[in-house]
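Chemist: requesting a structural model of the entry that follows:
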Amino acid sequence: MSILKRMFFGLLVLIIIGYGIVSYNLAKSIVRPETMTLESERNWLAERNLIGEFDSYEKEDYQIKGYNDYTINAQLIRSEDKNSNKYVIISHGFRSNRNGSIKYVDVYRNNGYNVIIYDVRGHGLNEKTNVTLGKIESEDLYLIIQDTYKKFGDNIYLGLHGESMGSSISLSVLSKNPKLQFVVADCGFSNLYDLIYGAYKGNNIGFLIYGVNTFTKLMYDVDMKETSPIDALNNNQVPILFIHGENDKFINNEHSKLMYERNNSKDELHIIPNAEHATSRQVVGLEEYSKIVSKFLENIN
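Modeler: Okay, the predicted model is just below:
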């Protein structure tokens, strides 16, 4: 073999090895993310004045057995109205934790809701484990929904609110036909594979998606294509409020528009001007965000 051929094959091997290393690390960052602590998430909210009256509320920490007996840490924030039968379960975003849901608590508590926030599997105080950003987590949420009815009665009025990954979880659970009155989906994505591919393509590295998806499947048994909230909407009858930032560069608002078009139940779509990813509540403020949610809840009733 000539020196030129040996150099060519050597370079090819290095490219393949490099492609594999980069793909593996990207796959790991998706399935086994480095997550924020409860303290760091709370500090982030405090710096942006998003905590509101949270510290003054009556709270109760508890645990729930999720999918395959995985332990989930949750917190109940009780309504000021002790007789309220209204409940909402809030699911936080990727790498965040239940404290990331604090900024939405006043939206519902001011409307008489008891609020449940929790650490999504692999996040917060929960044990480290693989995450799928919606598929397995929706199995957990389904059991949280069942647990909520068991604790507080079959006749409660129950809804879901999700941000980003939490939106994916809250929409994906609809494929199981749970007993729900509404879902609020803030800045969610329609399909995880499409989201990641779009992000890579936008940075001129779209070719990495094949290696990343291969590693998520081979190393972690996670197929990104199976996390597909939009497919959970095919036969959905639960009313949905879609909210998305106009300037969201991480999850383009086209994702919410696609899901809004696919969904057949009562729904609304609000694109928030000047809002980037997961900042709609911050940009419009508590009062305006609450109005959007309250008006939607009035309309569906």
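
Chemist: CA atoms for contacts and neighbours, from now on please.
Modeler: OK.

Chemist: so where do the strands sit in the stretch 1-150 of the chain?
Modeler: 59-65, 71-77, 86-91, 114-118 (DSSP state E, counting those that start in this stretch).

Chemist: nearest to Gly202, of the ones you listed?
Modeler: strand 86-91 (27.7 Å; CA to CA).

Chemist: so what does the closest one touch, helix or strand wise?
Modeler: Where contact means 3 or more CA pairs under 8 Å, 6 or more residues apart in numbering; DSSP states H and E, strand 86-91 is packed against strand 114-118, strand 157-163, helix 165-172.

Chemist: winner for burial among those?
Modeler: Burial of the helices and strands packed on strand 86-91 is given as mean neighbour count (mean count of other CA atoms under 10 Å); helix 165-172 ranks first at a mean of 30.

Chemist: give the other helices and strands that that one contacts.
Modeler: Counting contacts by 3+ CA pairs under 8 Å, 6+ apart, helix 165-172 packs against strand 86-91, helix 135-152, strand 157-163, strand 182-186.

Chemist: between the third one and strand 182-186, how big is the angle?
Modeler: Going back to what we said before, that points to strand 157-163. 10 degrees (axes from the mean of the first three to the mean of the last three CA atoms, to 10 degrees).

Chemist: distance between strand 157-163 and the chain's centre?
Modeler: Here strand 157-163 is found 12 Å from its chain centre; the criterion is CA atoms, centre = their mean, to the nearest Å.

Chemist: ok, and what's touching it?
Modeler: Residues from elsewhere that reach strand 157-163 (CA atoms under 8 Å, 6 or more residues apart in numbering): 85-93, 167-170, 179-188, 278.

Chemist: could you do stretch 281-300 as well?
Modeler: 48, 50, 103-104, 106-108, 111, 182, 184, 239, 241, 266, 268, 272, 274-275, 280.
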